[in-house]
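*Asks:* Could you work out the structure for the sequence below:
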Amino acid sequence: MIELKGIHTTTLKNTAGSKWTNAILKDGIQILEYTDDTPDILSLKVDEKVVQYFFCLKGSINFSFHEGAYQIALQEGESYFFYNPSQQLSSAISLAQNTSVIFIFCSLEKIHELFLENTNALEFLNSENANRKFYKKDQIGSQLEVVLNQIINADIQGHAADVFRYAKVLEVLSLYFAQQARENKESCPFLNDEESVRKIRKAKDILIEQMTNPPIISALAKQVELNEFRLKEGFKSMYGSTLFQYLLEHKMNKGRSMLDSGNYKVQDVAYDLGYNNPSHFISAFKSKFGVTPKKYLQNS
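*Replies:* Numbers count the residues shown, from 1 in each chain. Modelled structure (predicted):
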């Protein structure tokens with residue numbers, strides 16, 4: 001489905017400062033993982049009717065199509081969904097210093113197979129859109145970030161590595177499209193107006209930005225200019241949970257991602273997430289994932 005062009009097939013090597021994997025998995029799914037502490041350029045050629053997902057976990061990347069005629073940049077925490085049914089595309093991808101990315105490529109047929117019952121919820125799978133191009137830049141959700149970091153940080157070799165990657169790629173696709181289906185639901189007028197939807201999204205953003213010291217509901221409602229009842233009911237309709245259930249879920253996923261990186265001690269994660277007492281974080285983590293952070297680190 002894709003090929004690395006030019007010198008990169010021989011110059012990309014695993015070293016102390018870099019890691020890269022290009023693996024073709026079961027059902028023709030292909031994944032490219034790349035982490036490097038120096039700038040680099042990848043050249044890719046991708047077949048038509050291949051669904052492409054680009055995730056920037058750290059650093060930044062820039063895509064250049066048609067010899068620079070069209071460009072798009074991704075920053076840390078952003079994703080790019082791309083589908084072109086009409087032509088094979090070549091691109092040059094510039095990766096900044098200290099960048100970590102995951103690219104996933106999958107046939108449209110496989111996506112249809114996986115999400116057959118949800119084709120109406122996912123716009124690009126609708127039969128009326130079979131020949132349309134789709135491009136979507138988005139933020140990587142917290143659950144998705146955890147799974148992507150598990151892929152990039154995994155220390156598994158041989159056949160087991162491909163089994164692990166395949167399972168994780170299916171998890172990534174499930175979480176990604178669940179997020180898109182929710183966004184389609186958000187755009188529907190289940191509230192009386194789009195302004196209310198915008199305010200509820202703003203409330204979500206405020207919770208995430210101030211997660212170490214979140215505002216109480218009355219203050220949050222005042223900040224986004226909604227009454228408390230409308231904020232609480234609207235938020236639950238849009239995101240499937242209460243405001244603080246959503247915040248707790250985000251904090252736990254963020255905490256697990258930090259632990260997966262191997263750069264943080266349990267108490268450091270607790271303090272970074274706003275817990276004054278690490279035991280409160282440990283209790284919340286165990287309630288969410290079934291093990292304490294210490295046990296989780298020992299088993300990862």
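*Asks:* so how many other residues sit close to Phe134?
*Replies:* 14 (other C-beta atoms under 10 Å). C-beta here means a position set from N, CA and C on the backbone, and glycine is covered the same way.
*Asks:* hey, what's it bridged with?
*Replies:* Under the criterion DSSP bridges, Phe134 forms beta bridges with Tyr83.
*Asks:* so it makes contact with Ser86?
*Replies:* No. Phe134 is beyond contact range of Ser86, at 11.8 Å (criterion: C-beta atoms under 8 Å).
*Asks:* Look through the protein and tell me its longest helix.
*Replies:* helix 158-186 (DSSP state H).
*Asks:* tell me the contacts of Leu273?
*Replies:* Leu273 sits next to Met211, Thr212, Lys251, Lys254, Gly255, Phe281 when contact means C-beta atoms under 8 Å, 6 or more residues apart in numbering.
*Asks:* so what's the fifth one up against?
*Replies:* Each residue near Gly255 by C-beta under 8 Å, 6+ apart is listed here: Val269, Ala270, Leu273, Phe281, Phe285, Pro293.
*Asks:* Would you check how far apart the fourth one and Arg256 are?
*Replies:* Translated: Phe281. Here Phe281 is placed at a distance of 11 Å from Arg256 (C-beta to C-beta, to the nearest Å).
*Asks:* Next: the third one.
*Replies:* From Leu273 across to Arg256, the span is 11 Å (C-beta to C-beta).
*Asks:* Quick check on the contacts of Leu273: which are buried?
*Replies:* The neighbour-count test (16 or more other C-beta atoms under 10 Å) marks Met211, Lys251, Lys254, Gly255, Phe281 as buried among those.
*Asks:* Using a markdown table, lay out those residues together with secondary structure and pLDDT.
*Replies:* A markdown table is the format used below for these (DSSP: H, G, I helix; E, B strand; the rest coil; pLDDT from 0 to 100):
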| residue | secondary structure | pLDDT |
| --- | --- | --- |
| Met211 | coil | 93 |
| Lys251 | helix | 92 |
| Lys254 | helix | 90 |
| Gly255 | helix | 92 |
| Phe281 | helix | 94 |
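*Asks:* and those residues, which two are the farthest apart?
*Replies:* Taking C-beta to C-beta as the measure, the buried ones among the contacts of Leu273 span a maximum distance of 12.4 Å, between Met211 and Phe281.
*Asks:* Make TSV out of the buried ones among the contacts of Leu273 and add distance to Gly141.
*Replies:* Compiled in TSV, the buried ones among the contacts of Leu273 are given as follows (distance: C-beta to C-beta, whole Å):
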residue	distance to Gly141
Met211	14
Lys251	14
Lys254	11
Gly255	15
Phe281	21
